[in-house]
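**Q** here are the coordinates; sequence isn't available:
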């Protein structure tokens, strides 16, 4: 796996059809991932589905090659990455009631500057991390494998069928209202102690669990269990009187499920804030030596397009122009911040913090992607650390009464988050390109094209989803909004610093939980265990509603069962071919559900009613959804297992 192939420099890469297809897929998959991230707080790599779609479409042309397919998936992956950076931070502007900054030009500027900085910052790291240190970059290796398999068309069929099924399930639940989106129940034990069970019925969440695998899926569920099976029962039994709003709801006779969600949203989710914060800081501490060495080596050895004779597979974008572009972008970023705060004494430190933090965290994301993959990257953790530090600095510079302070902190965090998201995912694409023999500078150009394409549609997509479903906060018109967990958390941290709104004791307990998980993970590393415990996976689970963690865990179990079936039956190469088909089926479920969610937003916004296409009112609650989820779980397992073989 991951062996390099020899390709000719004469093979076309940046062809018209590859660029056009790359732009289209960047836009489509950015929209799908934006929906998924707002819904579930997690995003998935678009590289493999983009590679399969690219092979299916480009084979319709007379001449196409593996390097064109690689260019297409590079662009699509950049679009998916920028979507992650945007949805983790930008919706916080809505939650902070900063409507004047939630506009096309503001969102495009934050996402565009952050994304392009992420592309530029990773250029000097490519040689060091991929060529010299030979980091694994698992998603990059998997993408290269898919590209090398060729044009069988079978993977595209799995992707299309799953897309139809995922879209149909979304249409039936959210659109037609044939069943509810969750199945949950709760009860009071001993008077006040809350017991809760529940699951979301989304095939996309099932697919997320399959893609990230059993290790991460179980850790996300473990985080949910810490919140919902330990912290919420303890709080409801002993500390309910500490929060007047929660006490009033209990005395008014609120049902157990409503009480559990209220306690989680007002108190317990801040355990996740502490765990994410300590995880982001730990990422910097643990990688400081390797990171510094990689940066120095990359700056010393980066290849150039012109000058000395360098093989086409080692030609990075010219470092001189990289530095010029980075310096050139700091000027408009400074002017952007100046327009926000209106003070050079504040906007200048904001710019310095942004430039330094974006570089550090893009490098962290790139290194972490090489070690454990993009799915385990501490993007949300380092962004929280950035926003908390920025908010504290702005509090010192502007004072406690500065109404614009929380918004300014989000502006810094937004650029940093987009840069870090791009930094991790794009290194996976450069790894895939390294394996298949692509030219790095051509990929780096296409990464910029993919970022720009996605940036141009980010605000329309976010605005459409906000008008149709609501984001973060339940309202009368949107009682079940998209959760936007990371953005909600970012807004709470920024607002809390300025208005003493953070439950610091809960945050400190969460940091302690994070430190314990880090200690367990370090023990597993030293003991060379087959599993790891990345703190960010648990922290996300702590912060998410439990209903989202359950189908993610189920998807991880399906992945484990399929892998074990292949091991028991001595499948060729461990069943990698079938497991990859399972990956494509899962990606199809995600894409289909997300795209239907976006398309349904159009009639909802036009009519002003979330029930515009409903033909029922969830008559059987979640029972049909449970059956549908069970069917798709079985189909995902069968695709990943493949046909039974004769013994």
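**A** Nice, thanks for sending it over. Note that the coordinates shown come from a computational prediction; the quantities given were computed from them, not determined experimentally.

**Q** so residue 254 lies in a strand, does it not?
**A** No. Using DSSP: H, G, I helix; E, B strand; the rest coil, the secondary structure at residue 254 is coil, not a strand.

**Q** number of residues surrounding it?
**A** For residue 254, the neighbour count with other Cβ atoms under 10 Å is 15. Any C-beta I mention is one placed from the backbone N, CA and C, and that applies to glycine too.

**Q** go on, residue 230?
**A** Around residue 230 there are 12 residues (other Cβ under 10 Å).

**Q** residue 245 now?
**A** Neighbour number of residue 245 under other Cβ under 10 Å is 9.

**Q** I'd say it and residue 267 touch.
**A** No. Checked against Cβ atoms under 8 Å, the pair residue 245 and residue 267 is beyond contact range at 10.0 Å.

**Q** can you verify my assumption that residue 220 contacts residue 535?
**A** No. Taking Cβ under 8 Å as the definition, residue 220 is not a contact partner of residue 535, at 11.9 Å.

**Q** all strands of this structure, in order?
**A** 182-189, 193-200 (DSSP state E).

**Q** the inter-axis angle of the first one versus strand 193-200?
**A** Here strand 182-189 points in a direction 170 degrees away from that of strand 193-200 (axes from the mean of the first three to the mean of the last three Cα atoms, to 10 degrees).

**Q** direction included, what does strand 182-189 pair up with?
**A** strand 193-200 (antiparallel) (DSSP bridges).

**Q** avg pLDDT for the partner strand?
**A** Mean pLDDT, strand 193-200: 89.

**Q** got the contact list for that strand?
**A** Outside strand 193-200, the residues within contact range by Cβ atoms under 8 Å, 6 or more residues apart in numbering are 181-189, 228, 232-233, 236-237, 256-257, 259-260, 263, 546-548, 550-551, 626.

**Q** need the strands of the chain in a markdown table (columns: mean neighbour count).
**A** As requested, the strands of the chain are arranged in a markdown table below (neighbours: other Cβ atoms under 10 Å):
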| stretch | mean neighbour count |
| --- | --- |
| strand 182-189 | 16 |
| strand 193-200 | 21 |
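
**Q** in a markdown table, list the ones you listed along with distance to residue 420.
**A** As requested, the strands of the chain are arranged in a markdown table below (distance: least, Cβ to Cβ, whole Å):
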| stretch | distance to residue 420 |
| --- | --- |
| strand 182-189 | 31 |
| strand 193-200 | 27 |
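
**Q** so for residue 156, which of the ones you listed sits nearest?
**A** strand 193-200 (28.2 Å; Cβ to Cβ).

**Q** so where's the stretch 151-300 of the chain uncertain?
**A** 151-154, 287, 290-300 (pLDDT under 70).

**Q** and for the stretch 1-150 of the chain?
**A** 1-10, 40-46, 136, 138, 142, 145, 149-150.

**Q** give me that answer again for 50
**A** 1 (pLDDT under 50).

**Q** OK, contacts around residue 418?
**A** Taking Cβ under 8 Å, 6+ apart, one finds 82, 85-86, 89, 110-111, 113-115, 117-118 in contact with residue 418.

**Q** now it. Nearest residue, chain neighbours left out?
**A** In this structure, residue 418 finds its nearest non-sequential neighbour in residue 114, 2.8 Å apart by Cβ to Cβ, 6 or more residues apart in numbering.

**Q** tell me the contacts of the one you found?
**A** 82, 85, 358, 414-419, 422.

**Q** for residue 269, same thing?
**A** Counted by Cβ under 8 Å, 6+ apart, residue 269 has contacts 227, 489, 542-543.

**Q** at 10 Å what do you get?
**A** 227, 231, 263, 485, 488-489, 492, 503, 506, 510, 542-545 (Cβ atoms under 10 Å, 6 or more residues apart in numbering).

**Q** picking that back up, the strands of the chain: which one's closest to residue 103?
**A** That would be strand 193-200 among the strands of the chain, by Cβ to Cβ, at 31.8 Å.

**Q** got the phi/psi numbers for residue 343?
**A** phi -150, psi 120 (degrees, to the nearest 10).

**Q** repeat for residue 533
**A** Torsion angles, degrees, to the nearest 10, at residue 533: phi -130, psi 70.

**Q** neighbours of it, just the number please.
**A** Neighbours of residue 533 using other Cβ under 10 Å come to 22.

**Q** name the nearest residue to it, ignoring sequence neighbours.
**A** residue 521 (4.1 Å).

**Q** my read: the one you found touches residue 283, true?
**A** No. Between residue 521 and residue 283 there is no contact under Cβ atoms under 10 Å: 11.7 Å.

**Q** between the two, which is the more surrounded one?
**A** Neighbours were counted for residue 521 and for residue 283 using other Cβ under 10 Å; residue 283 has more, 27 against 21.

**Q** in this structure that one contacts residue 368, no?
**A** Yes. In this structure, residue 283 is within contact of residue 368 by Cβ under 10 Å, at 6.7 Å.

**Q** in the stretch 401-550 of the chain, which spans are helices?
**A** Taking DSSP state H, counting those that start in this stretch as the criterion, the stretch 401-550 of the chain carries its helices at 405-436, 440-469, 485-499, 504-526, 535-543, 546-568.

**Q** contacts only, for residue 146.
**A** Counting by Cβ under 10 Å, 6+ apart, residue 146 touches 47-52, 54-55, 69, 73, 155, 432, 580, 583-584.

**Q** if we go to 6 Å?
**A** 48, 51 (Cβ atoms under 6 Å, 6 or more residues apart in numbering).

**Q** for it, give its distance to residue 47.
**A** 8 Å (Cβ to Cβ, to the nearest Å).

**Q** same check on residue 491?
**A** Counting by Cβ to Cβ, the gap from residue 491 to residue 47 is 30 Å.

**Q** now residue 602
**A** 28 Å.

**Q** can you list contacts of stretch 392-399?
**A** By Cβ under 6 Å, 6+ apart, stretch 392-399 touches 346, 405, 408-409, 497.

**Q** hmm, I was thinking of stretch 179-189
**A** Against stretch 179-189 from outside (Cβ under 6 Å, 6+ apart): 173, 195-201, 256-257, 260, 547, 618, 621-622, 624-626.

**Q** same deal with stretch 274-289?
**A** 364, 367, 378, 380-382, 384-385, 507, 510-511, 513-515, 518, 535-536, 539, 542.

**Q** from what I can see the residue nearest to residue 533 touches residue 536, true?
**A** No. Using Cβ atoms under 6 Å, residue 521 is not in contact with residue 536; the gap is 10.5 Å.

**Q** which residue is the nearest non-sequential neighbour of residue 538?
**A** residue 223 (4.1 Å).

**Q** what is the neighbour count of the one you found?
**A** Around residue 223 there are 27 residues (other Cβ under 10 Å).

**Q** from residue 216, how far out is it?
**A** 11 Å.

**Q** OK, contacts around the nearest residue to residue 194 once chain neighbours are set aside?
**A** In space, and not counting its chain neighbours, residue 194 is closest to residue 236: 4.4 Å by Cβ to Cβ, 6+ apart. By Cβ under 6 Å, 6+ apart, the contact list for residue 236 reads 192-194.
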